[in-house]
Structures are given as structure tokens and as C-alpha cells.
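Peer 1: fold the following, please.
(chains A, B, C and D)
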Protein chains: 2
Amino acid sequence: MAKRINKKYEAILEAAIQIFAKYGYHRAQVSKIAKEAGVADGTIYLYFENKEDLLISIFREKIGHFVQKAQRNLKSVSDAKQKLFHIIALHLRYLETNPALAVVVQMEVRQSDPQVRKEIGELMQAYLTLIEHVMEQGKLSGEFRENLDTRLARKMIFGTLDDLVTSWVLHQQKYSLQALSKPVYQMFVNGITSEKGGEA
Amino acid sequence: MAKRINKKYEAILEAAIQIFAKYGYHRAQVSKIAKEAGVADGTIYLYFENKEDLLISIFREKIGHFVQKAQRNLKSVSDAKQKLFHIIALHLRYLETNPALAVVVQMEVRQSDPQVRKEIGELMQAYLTLIEHVMEQGKLSGEFRENLDTRLARKMIFGTLDDLVTSWVLHQQKYSLQALSKPVYQMFVNGITSEKGGEA
DNA sequence: TTCGTTACTGAATGGTGATTCATTTTCTAT
DNA sequence: ATAGAAAATGAATCACCATTCAGTAACGAA
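Peer 2: Below is the predicted model:
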């Protein structure tokens, strides 16, 4: 219950990521997580309310960490296009570097029950807002179209990154994810058309 | 076991869609599905192997149906851009018209069990291929950039639609999904930039 | 009507695994 | 050292629910 931030807490959380990634949330027994973490089954309940709390905590810790990192990183960049490129690159790099986390994030969120999904959605919000802000900045600076629907653009960007990572996970991480940053960025910026004008 | 296509089979499948949508796969008891379908628990096992088979069957029947519909629809259109627009519109319309199916498709695809995932992935493949073919056609006809990575473009399109539908589902279907077809299409075609040139 | 076949029923079974808690170990302060 | 508190243990519990199957009903051919 008491969420003491200490070695054991960390160990259990890391073990949970590994085991959730390997077996999926529903097939991951708490006893397996305990074994992986090198603690007794009951110990987990000293640090987490229940199995669900374990999943939510992964998001709280890791997404929180990532968003902070991204915010810090973007401070050193001024124009919106560069910021967009950084977001794409960071997103892909972070998950490529943490494959087990990627599996959990991509695969396990959606099959949890509505309450858990809601909580995770709220944790995600900070990141989505970050992307939207960049879109807005780009509109104001004239880098992006002034009639751009920023929310739609954000969904497009997030949806694309999400699908890229899911594919990569399902293909057992056989290719470089980060390498896609540039082409993806270009596609957002320029669209798929050859010339200039796509009609309505 | 014997998959007789008849009234009861259909009733159980429809009930499963409703119950999976309402509770999520793991919280949906087989007995609830039976009740919703107006049959005894055991009857389900005369038509489906097990609970998993129920989920896979939903995909087999419904995705199969959708892809056929899309293929038929696209025959009447010649240029790639128009085809792309049709795919977007059909995708959004189909799921908006079948909200419970949308919930199941969006939320339960990423089943943790590898076997189920594999089977669903294969069923999805026909659709993904369809999108990629349109991209290729567009490249050949000169409508799309000749250096376009068609697989990447496909992932972008599918990822975006996927995220749009998921948002819509999580927001309890409060707004029109189909209405997004046009702006989404425009964004793919033209990108988000105001002018012409996004640099590298 | 009768008999055989096919379809259906739903209570009982059995495996599973999250969670609890009485007990033991480790830690801390005096 | 030692007592008392805090942390950790892990075997036992027990709720849960997919699946089975012995029994019943419906059907249809003769």
C-alpha cells in the first residue's frame, strides 16, 4: 500500500515489465513477477495495491519519465518543425531502447478494463498535449497551414507512431525503429503527393 | 464444433460482439454471452470451439465482410487519390455504423495470446495489402511521390484511422467519425505545411 | 405413433491464480 | 544486548468461470 520509492519497489516494477511483456497481462502470474524480482509473492502487496496497480504504475513511472525527458529536450529547439522531428525521434528511440516496455505499452493497455484504461488515458494526456502545443506553435509561426486542425494532426502523429511501434513489436524488433524518424517526419510535413496541389 | 451457418450461430456471434464490447474479452463471461443470445451456456460450444474461437470468428466474419465491401467499392473508382479517399471514408463509416464492433476491433485486437494475435493479424493482412496496392498505383500513375515508401504510408494511414476510431470509442462516440474523412484525406495528401517546401 | 437422430440444456466440475495473514526475519534505537 | 517495530515471507484460502456431459426436448422419416 505504502508506495515507498526504494530498491524493492523498483525491482518489482522492472520485473513486472519483463513478465507482462513476455506473457501478457492476463497470463502473467503475480508469483512469476515475484520470482523474477526475487521477493515473496506477498511482498508485492506491500508496495502495490494489486496486480492492476502494477500495470498502472508502469505507465505512471515510465510515461511520466518520458514526457519530462521530452519537455526538457524540446526546450533547446525553437522552431515547430524541428520540435516535431524531435518528438518523433525521441518517441521511437525511447521505445526501441526499452523493448519490454514497448511491448507492455503497445499491447497491454488496450485489453485492460475501462477503469484502468481511463487512468492510463489520463497519464497519456500530458504527452498528447505536448504534441498539440507544437502543432499550435507551428500554426502561429506560419510553419504549418493556418487551417490545420491541431487535434487531428496530433491524432495522426500519435496514431502513426503507435502503429509503427506495434508493427515493430509484432515483427519481433527485427529492424531499426529510429531509422524511420526522418521519412515519417517528411511524410507529415509534405504529404504523399508528388507535385504540389491535392484538390479537395 | 461444426460451424453451421444459421440463426443460432449468428445470434451467438452478435451477442459476443455486444458483450465483448461492454466488458472486454477477459471480463466477458461465456454465460453472459449465452444469456444475451438467448441460449444455454453449453450451446455456444456446439457452434464454437471455445471462447477464443468466438473472438477470432468475429474478426473472420466482420473483417472479411468489410474487405470484400471495400474491394467491390473501389472497382468503380480509377485514380489512386480517389481510392484513398474512399478507403478512409469507408473505414470510418463502417465502424461508426457498428459501434460495438468498433470497440471490439480497436480494443481486443491486441490480445496477449500470440496464437490469437497471429490469426487476427492474418485476417487483417488482406486489408493492409489493399491499402498498399493503392499507394503503389498512385506512385506508378505519378499521383504520389515516386520515392514514397508505400509500406510506411500504409502504416501511417492505418495508424491514423486506428487512433481516430479508438479516440472516438473512448469518448463514447459523441461526435461524427465520418465527418473526419475529408480533413484526414487532405492531411495525407498535402501534409501539414503551409507553403511548399519542408526541408530534409 | 414410434424410433432414431440431432439439437439443446444448465448444473456440476476442476483448474487457476490473486490475495491474505499468521509467522519469521531484519532493522533500529537505546 | 535487547525490545519493539517494520518488513518480508509463502502456504493456504477461496472466488471465479470456462468447459463438460448426462439428461431432455425437438425433429423427421417410416
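Peer 1: need phi/psi at the residue in chain A positioned nearest to DNA strand D.
Peer 2: At 1.7 Å from DNA strand D, A:G42 is the closest residue in chain A, using C-beta to the nearest atom of the strand. Any C-beta I mention is one placed from the backbone N, CA and C, and that applies to glycine too. Main-chain torsions, A:G42, degrees, to the nearest 10: phi -60, psi -30.
Peer 1: burial count for it?
Peer 2: A:G42: 9 surrounding residues under other C-beta atoms under 10 Å in any protein chain shown.
Peer 1: then the one 3 residues further on?
Peer 2: By the measure other C-beta under 10 Å, the count of residues near A:Y45 is 15.
Peer 1: if I look at it, how far off is chain B?
Peer 2: As judged by C-beta to the nearest C-beta, to the nearest Å, A:Y45 and chain B stand 21 Å apart.
Peer 1: am I right that that residue is in a strand?
Peer 2: No. Counting by DSSP: H, G, I helix; E, B strand; the rest coil, A:Y45 is not found in a strand; it is helix.
Peer 1: distance check, it against A:K22.
Peer 2: 22 Å (C-beta to C-beta, to the nearest Å).
Peer 1: how about whichever helix in chain A runs longest, which residues are buried there?
Peer 2: Using DSSP state H, we find that the single longest helix of chain A is helix A:114-141. By neighbour count on 16 or more other C-beta atoms under 10 Å in any protein chain shown, the buried set for helix A:114-141 is A:116-117, A:119-120, A:123-124, A:127-128, A:130-132, A:134-139.
Peer 1: is stretch A:79-94 anywhere near chain B?
Peer 2: Yes. Using C-beta under 8 Å from any C-beta of the partner chain, stretch A:79-94 reaches chain B at A:K81.
Peer 1: buried set for that stretch?
Peer 2: For stretch A:79-94, a neighbour-count test (16+ other C-beta under 10 Å) marks A:80-81, A:83-92, A:94 as buried.
Peer 1: nearest to chain B: which residue in chain A?
Peer 2: For chain A, the residue closest to chain B is A:G24, as judged by C-beta to the nearest C-beta, at 2.3 Å.
Peer 1: tally of neighbours for that residue?
Peer 2: By other C-beta under 10 Å, neighbour count at A:G24 equals 20.
Peer 1: next one: it from A:Q115, what distance?
Peer 2: With C-beta to C-beta as the criterion, A:G24 and A:Q115 are 19 Å apart.
Peer 1: same check, this time on A:S31
Peer 2: Taken as C-beta to C-beta, the span from A:S31 to A:Q115 is 24 Å.
Peer 1: again, but for A:K35
Peer 2: A:K35 is 28 Å from A:Q115, where distance means C-beta to C-beta.
Peer 1: and if you look at A:V169?
Peer 2: In this view, A:V169 and A:Q115 are 25 Å apart by C-beta to C-beta.
Peer 1: touching DNA strand D at all, stretch A:14-25?
Peer 2: No. Applying C-beta under 7 Å from any atom of the strand, one finds stretch A:14-25 separated from DNA strand D by no less than 12.0 Å.
Peer 1: what is the mean pLDDT for that stretch?
Peer 2: Computed over stretch A:14-25, the mean pLDDT rounds to 92.
Peer 1: dump the C-alpha coordinates for it into PDB.
Peer 2: Output in PDB follows, covering the C-alpha atoms of stretch A:14-25 (Å, rounded to 0.1, in the frame of the first residue of the first chain):
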ATOM      1  CA  GLU A  14      11.100  -3.800 -13.600                       C
ATOM      2  CA  ALA A  15      10.100  -7.500 -13.100                       C
ATOM      3  CA  ALA A  16       6.500  -6.700 -13.900                       C
ATOM      4  CA  ILE A  17       7.600  -5.000 -17.100                       C
ATOM      5  CA  GLN A  18       9.600  -8.100 -18.100                       C
ATOM      6  CA  ILE A  19       6.900 -10.600 -17.200                       C
ATOM      7  CA  PHE A  20       4.000  -8.600 -18.700                       C
ATOM      8  CA  ALA A  21       6.000  -8.200 -21.900                       C
ATOM      9  CA  LYS A  22       6.800 -11.900 -22.000                       C
ATOM     10  CA  TYR A  23       3.400 -13.400 -21.100                       C
ATOM     11  CA  GLY A  24       0.900 -10.600 -21.500                       C
ATOM     12  CA  TYR A  25      -1.000  -9.100 -18.600                       C
END
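Peer 1: how about it, does it reach DNA strand C?
Peer 2: No. Using C-beta under 7 Å from any atom of the strand, stretch A:14-25 stays clear of DNA strand C, coming no nearer than 8.7 Å.
Peer 1: what of stretch A:38-51?
Peer 2: Yes. Residues of stretch A:38-51 are located near DNA strand C by C-beta under 7 Å from any atom of the strand, namely A:D41, A:G42, A:Y45, A:N50, A:K51.
Peer 1: what comes up buried for that stretch?
Peer 2: Within stretch A:38-51, judged by 16+ other C-beta under 10 Å, the buried ones are A:V39, A:I44, A:Y47, A:F48, A:K51.
Peer 1: dump those to TSV, plus pLDDT.
Peer 2: Listed next are these as TSV, based on pLDDT from 0 to 100:
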residue	pLDDT
A:V39	96
A:I44	97
A:Y47	96
A:F48	96
A:K51	94
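Peer 1: just name the closest of these to DNA strand C, please.
Peer 2: Checking those against DNA strand C by C-beta to the nearest atom of the strand gives A:K51 as the nearest, at 3.9 Å.
Peer 1: neighbours of the closest residue in space to that closest one that isn't next to it in sequence, how many?
Peer 2: Nearest in space to A:K51, with sequence neighbours left out and distances taken as C-beta to C-beta, 6 or more residues apart in numbering or on different chains, is A:V30 at 5.7 Å. Neighbours of A:V30 under the rule other C-beta under 10 Å: 17.
Peer 1: gap between the two ends of stretch A:144-157?
Peer 2: 14 Å (C-alpha to C-alpha, to the nearest Å).
Peer 1: looking at the buried residues of stretch A:79-94, which are in strands?
Peer 2: Among the buried residues of stretch A:79-94, no member is found in strands (DSSP state E).
Peer 1: noted, bye for now.
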